[in-house]
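K.L.:
Return atomic coordinates for the entry below.
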Amino acid sequence: MIKNYISILFIFIFISTCTSSRKVIIPDLTKVTYRDLLQHNSDWQKSVKNLSGSARITLDTQQYSGNFGADIALSGNDSMLISVTGPLGIRVGKVFISKNRFIFYNQVMNQFYTGKKEDFEGRNFLQFPVEISDLRDLLLAQDRFEILRKEQFTIRDQMYFLTAHNGSNQYRIWFDPVIKLIKRIEYLRDDELLYYKEYDQYQLINEVYFPNVINYVRIINPEERQGLSVLFGDLTINEYIQPDVFDINVSDTAIQIDLSLENQP
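P.N.:
Just a heads-up that it's a prediction; the model follows:
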C-alpha cells in the first residue's frame, strides 16, 4: 500500500513538474508598458556586438526562387562580410561593408564593385529583395526607431501588440510575452504595408537571446510579394572574430567597377 502511494505521489510530482515547465505566459498590461518594451529591445540590440556563423537563405520572388548557403561575420559597427554559395557549392558572391567602404564581389559575373557607402544606396545584393545597405540590420535582427507616438497598446495573438507612428511612417509590433523581444514587425507608410519581418525560435547564446529564424517579406503590390528567409546554423554571439576573416580574395581575372565613377553625372 505504501509502495503504491509513493508511486502515485511520484507520478503526480512528475506530471506537475512537466505541466509547470510548459506553463503559458499570459501578457499583463498592468506590469509592462510599451515604453518598457521599446527600451528593452533597444538595450538588447546594443548588447549584440559580434556575430558569426553559417546560414541557409531561402529566396522566393517572381524572378527567382531557390536556396543559398552563407557564411556571415559581423563585428561591431565597422565590419560585415557575407559569402554566399548556390546549389552544388557554386560560389555566388561576397559583400564586405566597413565604416566607410563597400566591396561587392559578384563571383558569377567575375566582377567586383568598390566605393563608399553612399555609392551603394538603392542597390540590391544579388537577387535578394533587400538593399545592400540594409543587410546588416536584417541579419542582426535590428529595428531602429526614432521617437514613436503610440496609437494602441494591447494584447493580440497572446502577445503584446503595439501600433505607433512617426510622421507618415507607421509600425505594428508584436512582442514575445516571455523574453519581451520583437516577434513580428510591420512597416507601413500612409497606411500602406511596405514590408514585414518575423523573428522566430529565439535561443540563448552566450547569455544573449537571438532568433534562429528571420523572415523578411517585401510587398510589391497586392498580387506580388518578395520573401527572404534566414535559418542560422552554427552561430556565435559576442565572441572575438579574427580580423583576417573579413579579407576578400578576388580573382586576378575579375573586372573592377568603381561605383563612385559610375554614379557620376
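K.L.:
Can you tell me the element the residue nearest the centre of the chain falls in?
P.N.:
In the chain, the centroid-proximal residue (Cα atoms, centre = their mean) is A141; its distance is 3.2 Å. Counting by DSSP states H and E, there is no helix or strand that carries A141.
K.L.:
check contacts around it.
P.N.:
Going by Cβ atoms under 8 Å, 6 or more residues apart in numbering, A141 touches Q45, V48, I182, K197, Y199, F210, P211, I214. In this view, the C-beta of every residue, glycine as well, is placed from N, C-alpha and C.
K.L.:
partner residues bridging the nearest residue to the last one once chain neighbours are set aside?
P.N.:
Think I214. Excluding the flanking residues, the one nearest I214 by Cβ to Cβ, 6 or more residues apart in numbering is V230, at 4.4 Å. Taking DSSP bridges as the rule, V230 bridges to I57, I214.
K.L.:
Which neighbours in the sheet does the helix or strand harbouring A164 have, and how are they oriented?
P.N.:
For A164, the element it lies in under DSSP H and E is strand 159-166. When pairing is defined by DSSP bridges, strand 159-166 lines up against strand 149-156 (antiparallel), strand 169-175 (antiparallel).
K.L.:
These into TSV, with extra columns for mean pLDDT?
P.N.:
Formatted as TSV, the strands paired with strand 159-166 follow (pLDDT from 0 to 100):
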stretch	mean pLDDT
strand 149-156	95
strand 169-175	96
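K.L.:
Out of the ones you listed, which gets nearest to E223?
P.N.:
With distances scored as Cβ to Cβ, the stretch of those nearest to E223 is strand 169-175 (21.8 Å).
K.L.:
now the closest one, how far from the centre of its chain.
P.N.:
16 Å (Cα atoms, centre = their mean, to the nearest Å).
K.L.:
State the pLDDT value of the residue nearest to I214.
P.N.:
Here, the pLDDT recorded for V230 equals 95.
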